[in-house]
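Participant: next come a sequence and a model predicted from it.
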Amino acid sequence: MQNKNTRFYWAIVLFSVLLMAGCMEVYGSLRPNPDVERIFYDKKQLPDFNYYYNGRSNLPYAVIGIHKDYNFNDRVWTRIEDNSDIYDKIGHILYSPKSGYNKIASDILDSSGNKIGVWFSYFRRTVVKIYPDMRIDVFSPYIPSGRR
């Protein structure tokens with residue numbers, strides 16, 4: 001009888017580990033990159049990226065490009081359909097007196113350091129979640145309380 005209970009216990013443990021592994025998300029990061037800034041200022045476009053902004057259309061908090069290989073969750077982002085609007089949105093990102101920061105350009109990296117997107121904002125941080133099925137979430141950098 002004890003052997004049967006032991007197998008049942010290990011089956012539950014294995015099932016739990018597999019369930020947790022399937023639900024786990026991995027976090028990415030931002031890494032400042034002056035080359036990204038040059039790409040935007042030279043009005044070059046990375047062809048394998050879809051672009052989005054967060055915030056008001058005339059005063060966005062951030063503009064991002066996400067590699068087309070990823071299924072991007074854009075629930076708090078608005079897709080930029082017209083390529084010329086990418087540079088217009090970036091031009092409307094203003095200096096933030098609260099944060100004391102100017103605009104910065106960064107690579108969006110996965111947990112292994114691979115580039116999966118580009119970031120342009122006066123906010124220096126956000127949360128980037130990457131799921132095993134190539135889904136990606138990038139959180140809004142804006143926090144209403146002003147803490148960043």
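Facilitator: Yes, it's here.
Participant: ok, Glu37 - contacts?
Facilitator: When contacts are counted by C-beta atoms under 8 Å, 6 or more residues apart in numbering, Glu37 touches Lys103, Ile104, Ala105, Phe120. Every residue, glycine included, has its C-beta placed from N, CA and C.
Participant: looking at those, which is nearest Asn50?
Facilitator: Using C-beta to C-beta, Phe120 is the member of the contacts of Glu37 that lies nearest Asn50, at 14.4 Å.
Participant: so the closest one touches Ala62, yeah?
Facilitator: Yes. Between Phe120 and Ala62 a contact is recorded at 6.7 Å, counting by C-beta atoms under 8 Å.
Participant: who touches both of those two?
Facilitator: Shared contacts of Phe120 and Ala62, defined by C-beta under 8 Å, 6+ apart, comprise Ile93.
Participant: before we move on, back to that, which one (most neighbours) among the contacts of Glu37?
Facilitator: Phe120 (23 neighbours; other C-beta atoms under 10 Å).
Participant: ramachandran coordinates for that one?
Facilitator: phi -140, psi 120 (degrees, to the nearest 10).
Participant: if we can go back for a sec, now, the contacts of Glu37 that are in strands?
Facilitator: Members of those lying in strands (criterion: DSSP state E): Ile104, Ala105, Phe120.
Participant: so the nearest residue to the last one once chain neighbours are set aside, which of the three states?
Facilitator: Take Phe120 and drop its neighbours on the chain: the residue closest to it by C-beta to C-beta, 6 or more residues apart in numbering is Val63, 4.7 Å away. Under DSSP: H, G, I helix; E, B strand; the rest coil, Val63 falls in the strand class.
Participant: I'd say Val63 and Gly117 touch.
Facilitator: No. The criterion here is C-beta under 8 Å, and Val63 misses it with Gly117 at 10.8 Å.
Participant: assign a three-state SS to Arg7, would you?
Facilitator: Arg7 ends up helix, using three-state DSSP.
Participant: let's have the contacts of Glu37 in JSON lines, adding pLDDT and distance to Ile90.
Facilitator: Shown next, in JSON lines, are the contacts of Glu37 (pLDDT from 0 to 100; distance: C-beta to C-beta, whole Å):
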{"residue": "Lys103", "pLDDT": "78", "distance to Ile90": "8"}
{"residue": "Ile104", "pLDDT": "85", "distance to Ile90": "11"}
{"residue": "Ala105", "pLDDT": "91", "distance to Ile90": "9"}
{"residue": "Phe120", "pLDDT": "92", "distance to Ile90": "5"}
